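A.B. asks: I'd like to go over a predicted model; first the sequence, then the structure.
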Amino acid sequence: MNFSTSIAPPWLARLFRDHSAALLSLLYIAVGLIWLLIDDLALTVWMSGAAPALPSALKNAVVIIASGGLLYGLLRIHIRTTQRARQAQQESEERLLRARDDLETRVQERMAELLAMNRALEQQMAAHIQMEIALRDSEERFRQLAEHIREVFWVYGIAEERLLYVSPAYEDIWGRPLQGFHDRPLDWLEAVHPDDQPRIYAAHIDKHRLGHLNEEYRIVRPDGTIRWIWDRGFPVRDETGYVYRIAGLAEDITARKLAEDQLRRQQADLARMSRLSLAVELASNLAHELNQPLAAIVAYTQAGLTLLRQGRTDPRELMETFEEVVNQGLRAGEIIRHVRALVQRHAALQAPLDINALLHAVIHYAELELRQARIDLRLELAESLPKALAGNLQIQLVALYLIRNALEAMQEVPEESRQLTVRTQLSDRDWVLVTIHDTGHGLSPEATKRLFQPFFTTKPGGMGLGLPVSRSIIEGQGGQLWATPNPEGGVSFCFTLPVYCPRSVL
Amino acid sequence: MNSTPTVFLTDDDPAIRDAVELLLRTNELAVETFASAVDFLESDAVQRPGCLLLDVRMPGMSGLDLQKRLQEIGCRTPIIFMTGHGDVPMAIRAMKAGAFDFVEKPFQAQALLSRIHEALALNARERRRQARRNDVATRLALLSPREREVMERVAAGQYNKVIAAELGISISTVEIHRKRVMEKLQAASLSDLIQMLALVDGD
């Protein structure tokens, strides 16, 4: 307020500012008092003075005008000061408003800029999203394919020397987390069965060069179960035809493999059953039949011994017992004679035989056993071998028996030195010679001597009948069966059969 | 009915029957022979004390079939199987089905005899136990329903006071029932009573 700063001392200005209403009231009271004073003074002057004639109305009017003028003057001052104050306030308010307007325009300008930028960004984004959607569509299709097929889909980068993509089926089939590939790029290979690992590692190295892969192998899952995998890889070329990636599928073929094995085993069992039934039945019947009289003989003899031990030596009682022992011994002999007659009857069925074909057939149905025994099988079959005259079934039986025998003999030797050679040749023009050569543990001199004796065996659980029965079969066909130790270890079993000569039949 | 523990020898081979019978008789055992499983089943031997010496492989009803049939009719005569060469799988099946033992033909007399004696002892023990069980069951049948209620609570270890409250009778009545239960069952003590009940519960 101008008044307070220019004319009045600071304390009065403060008084005015803080207590203007009270001051105003004081002012009115002061004016009232002045009015009364003037009224009184005028009356006194009038009473003592010269103009008593002046009417009291005039006197009153003078007083009113005087005091009214004073009041008016005061009011003017007050109005002016308040007006000035309002003006000052208005001015400062206006300045503020101007400042605000300024700010607002600036903000709006900035806002417009931002909006523009935003719009541009949005447009960019929309374009990007559209691209992404397009990309995702194609990627989605790929992922749907890759993630929902039961096979493991993989992509291998040749330059990167690692797998670039492996589909989630890996976790199902391998039973190992996909993250494993981060630390160990050959995670999948670590799971491969130790027996298959060298082969598969070699195939893995080769695929860099060839761009192809086609392998079956076993994996061992963390829970110890084994699965069969069929893994195929195909080259992916760039524009210049250079193979820079290999894409592949690894399929779990365990069920199929098991079914195949099962089928093969069943076939083998069936074949074995039907072809060996004769020998097995003979042997088992023989054993059972012989057991009865044997058990009786043992029981009779033990009863006799008990009687003797008890001093009950009634000759009649003992005689009866020993007669029974003799009877049972004779019964056993009768059983053996019967069996021999049975074998001889079967030997009569002779026919011209292609021995090479016969050996192929035997090896074919022993395939599973050969595979399981992990044996290197070599066939050295003479070409244009003349036919032999023999009983098909019996010779198959002997060949199979000798092959099995060789497999068993090689069980104990290391896998890499297990070698089975089956050889045929013409010997002295009149004989077909078959050799089954193994690299097994060989034979002791004692074993060589007793090899063809019935019930001699080196196999746990063996009956010791295989070789004597085989020899009697071959001899029944007019040939010979013998064994010779190999100079480099192992044994060769050889048998001969007469060459079929049509003239001899005529 | 003959109550001498007897070896019931069942084999289709007459020579085995004759030889083994002689062997067992010379070793002071009572023996009866049967030529087939059906012959044995249809005889009174099924109920008599003893053991069964049974050939596993017989024409018609085999030893295993007979074992199954005997179990079905509740005959607990112990069975010793005689097996021939290559009958091991059958012997295993027989053992799993609860056979006492098996011997392989031809057998050592001493081994067979000791197994037979063990089987006879087992059968005798089981029969005594069964007889006692039947005895207890007969005596239990003599109890009135009220006495039975009191007995069950006594056996469960309840005090007379509690029993009286639960059954809504006076303590002296409980005591009278209790005394009569002990008399009818011929039980000398509470532990005697509990043993009897355990025997019957085992059924």
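C.D. replies: Received it, and whenever you're ready, just let me know what you need.
A.B. asks: what's near enough to touch residue B:6?
C.D. replies: Residue B:6 makes contact with B:29, B:30, B:31, B:32, B:45, B:48, B:49, B:50 under the criterion Cβ atoms under 8 Å, 6 or more residues apart in numbering or on different chains. For every residue, glycine as well, the C-beta is placed using N, CA and C.
A.B. asks: domains of the chain?
C.D. replies: Chain wasn't specified; assuming chain A. A:2-126, A:149-252, A:260-346, A:351-505 (automatic domain parsing).
A.B. asks: wrong chain, I was asking about chain B
C.D. replies: For chain B, automatic domain parsing gives the domain ranges B:6-126, B:142-201.
A.B. asks: ok, which stretches of chain B are helices?
C.D. replies: B:14-26, B:37-42, B:63-72, B:88-96, B:109-141, B:145-155, B:160-167, B:171-185, B:190-201 (DSSP state H).
A.B. asks: mean neighbour count, distance to residue A:244 and mean pLDDT added to the ones you listed, as a markdown table?
C.D. replies: Below are the helices of chain B laid out as a markdown table (neighbours: other Cβ atoms under 10 Å in any protein chain shown; distance: least, Cβ to Cβ, whole Å; pLDDT from 0 to 100):
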| stretch | mean neighbour count | distance to residue A:244 | mean pLDDT |
| --- | --- | --- | --- |
| helix B:14-26 | 22 | 82 | 93 |
| helix B:37-42 | 18 | 80 | 92 |
| helix B:63-72 | 18 | 70 | 92 |
| helix B:88-96 | 15 | 62 | 84 |
| helix B:109-141 | 15 | 79 | 91 |
| helix B:145-155 | 17 | 89 | 89 |
| helix B:160-167 | 16 | 92 | 89 |
| helix B:171-185 | 17 | 96 | 90 |
| helix B:190-201 | 14 | 82 | 84 |
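A.B. asks: now tabulate these in TSV and tack on distance to chain A.
C.D. replies: Below are the helices of chain B laid out as TSV (distance: least, Cβ to the nearest Cβ, whole Å):
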stretch	distance to chain A
helix B:14-26	4
helix B:37-42	17
helix B:63-72	14
helix B:88-96	11
helix B:109-141	4
helix B:145-155	52
helix B:160-167	58
helix B:171-185	48
helix B:190-201	40
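A.B. asks: could you export those as JSON lines, including distance to residue A:449?
C.D. replies: Output for those, formatted as JSON lines (distance: least, Cβ to Cβ, whole Å):
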{"stretch": "helix B:14-26", "distance to residue A:449": "37"}
{"stretch": "helix B:37-42", "distance to residue A:449": "48"}
{"stretch": "helix B:63-72", "distance to residue A:449": "42"}
{"stretch": "helix B:88-96", "distance to residue A:449": "31"}
{"stretch": "helix B:109-141", "distance to residue A:449": "35"}
{"stretch": "helix B:145-155", "distance to residue A:449": "77"}
{"stretch": "helix B:160-167", "distance to residue A:449": "88"}
{"stretch": "helix B:171-185", "distance to residue A:449": "78"}
{"stretch": "helix B:190-201", "distance to residue A:449": "67"}
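A.B. asks: contact partners for the residue nearest to residue B:97 when sequence neighbours are not counted?
C.D. replies: Using Cβ to Cβ, 6 or more residues apart in numbering or on different chains and skipping the chain neighbours, the partner closest in space to residue B:97 is residue B:67 (5.7 Å). Neighbouring residues of residue B:67 by Cβ under 8 Å, 6+ apart: B:54, B:79, B:94, B:97, B:98, B:99.
A.B. asks: same deal with residue A:61?
C.D. replies: With contact set as Cβ under 8 Å, 6+ apart, residue A:61 has no partners.
A.B. asks: buried residues in stretch A:482-490?
C.D. replies: Residues A:483, A:490 are the ones in stretch A:482-490 that count as buried (16 or more other Cβ atoms under 10 Å in any protein chain shown).
A.B. asks: ok, residues contacting it?
C.D. replies: Outside stretch A:482-490, the residues touching it (Cβ under 8 Å, 6+ apart) are A:409-410, A:437-443, A:448, A:451, A:491-495.
A.B. asks: residue A:312 belongs to a strand?
C.D. replies: No - looking at residue A:312 with DSSP: H, G, I helix; E, B strand; the rest coil, it is coil, so not inside a strand.
A.B. asks: what residue is smack in the middle of chain B?
C.D. replies: In chain B, the C-alpha nearest the mean C-alpha coordinate belongs to residue B:126, at 4.1 Å (Cα atoms, centre = their mean).
A.B. asks: I figured that one was touching residue B:76, is that so?
C.D. replies: Yes - with contact defined as Cβ atoms under 8 Å, residue B:126 reaches residue B:76; the gap is 5.9 Å.
A.B. asks: can you give me the end-to-end span of stretch B:49-59?
C.D. replies: End-to-end distance of stretch B:49-59 (Cα to Cα, to the nearest Å): 26 Å.
A.B. asks: now do that stretch: distance to the chain's middle.
C.D. replies: From the chain centre to the centre of stretch B:49-59 is a distance of 17 Å (Cα atoms, centre = their mean, to the nearest Å).
A.B. asks: got phi/psi on residue A:493?
C.D. replies: With angles defined as degrees, to the nearest 10, residue A:493 sits at phi -100, psi 130.
A.B. asks: show the contacting residues for it.
C.D. replies: Counting by Cβ under 8 Å, 6+ apart, residue A:493 makes contact with A:402, A:405, A:406, A:435, A:436, A:481, A:482, A:483.
A.B. asks: for chain B, see how far away it is.
C.D. replies: From residue A:493 over to chain B the distance is 27 Å, taken as Cβ to the nearest Cβ, to the nearest Å.
A.B. asks: same check, this time on residue A:234
C.D. replies: Distance, residue A:234 to chain B, using Cβ to the nearest Cβ: 52 Å.
A.B. asks: is it true that that residue touches residue A:246?
C.D. replies: Yes - using Cβ under 8 Å, residue A:234 makes contact with residue A:246 at a distance of 6.8 Å.
A.B. asks: okay, the two: which has more neighbours?
C.D. replies: Remark: of residue A:234 and residue A:246, residue A:246 carries more neighbours, 22 against 14, as counted by other Cβ atoms under 10 Å in any protein chain shown.
A.B. asks: so the more buried one, which state does it fall into?
C.D. replies: Per three-state DSSP, residue A:246 ends up strand.
A.B. asks: what do you get for the one 5 residues further on?
C.D. replies: Under three-state DSSP, residue A:251 falls in the strand class.
A.B. asks: name whatever forms a beta bridge with it.
C.D. replies: Beta bridges link residue A:251 to residue A:230, judged by DSSP bridges.
A.B. asks: next up, the contacts around the residue of the stretch 1-150 of chain A found nearest chain B.
C.D. replies: Residue nearest to chain B within the stretch 1-150 of chain A: residue A:150 (41.0 Å; Cβ to the nearest Cβ). Contacts for residue A:150 (Cβ under 8 Å, 6+ apart) come out as A:169, A:172, A:251, A:252.
A.B. asks: how about the contacts made by the residue of chain B most remote from its centre?
C.D. replies: For chain B, the C-alpha farthest from the mean C-alpha position belongs to residue B:170; by Cα atoms, centre = their mean, that distance is 43.3 Å. The contact partners of residue B:170, taken as Cβ under 8 Å, 6+ apart, are residue B:164.
A.B. asks: count of neighbours near residue A:205?
C.D. replies: Residue A:205 is flanked by 10 other residues according to other Cβ under 10 Å.
A.B. asks: nope, residue A:356 is what I meant
C.D. replies: When neighbours are defined as other Cβ under 10 Å, residue A:356 has 19 of them.
A.B. asks: now the one 4 residues further on
C.D. replies: The burial metric for residue A:360, expressed as a neighbour count using other Cβ under 10 Å, is 13.
A.B. asks: can you pull the pLDDT of it?
C.D. replies: What the model reports as pLDDT for residue A:360 is 89.
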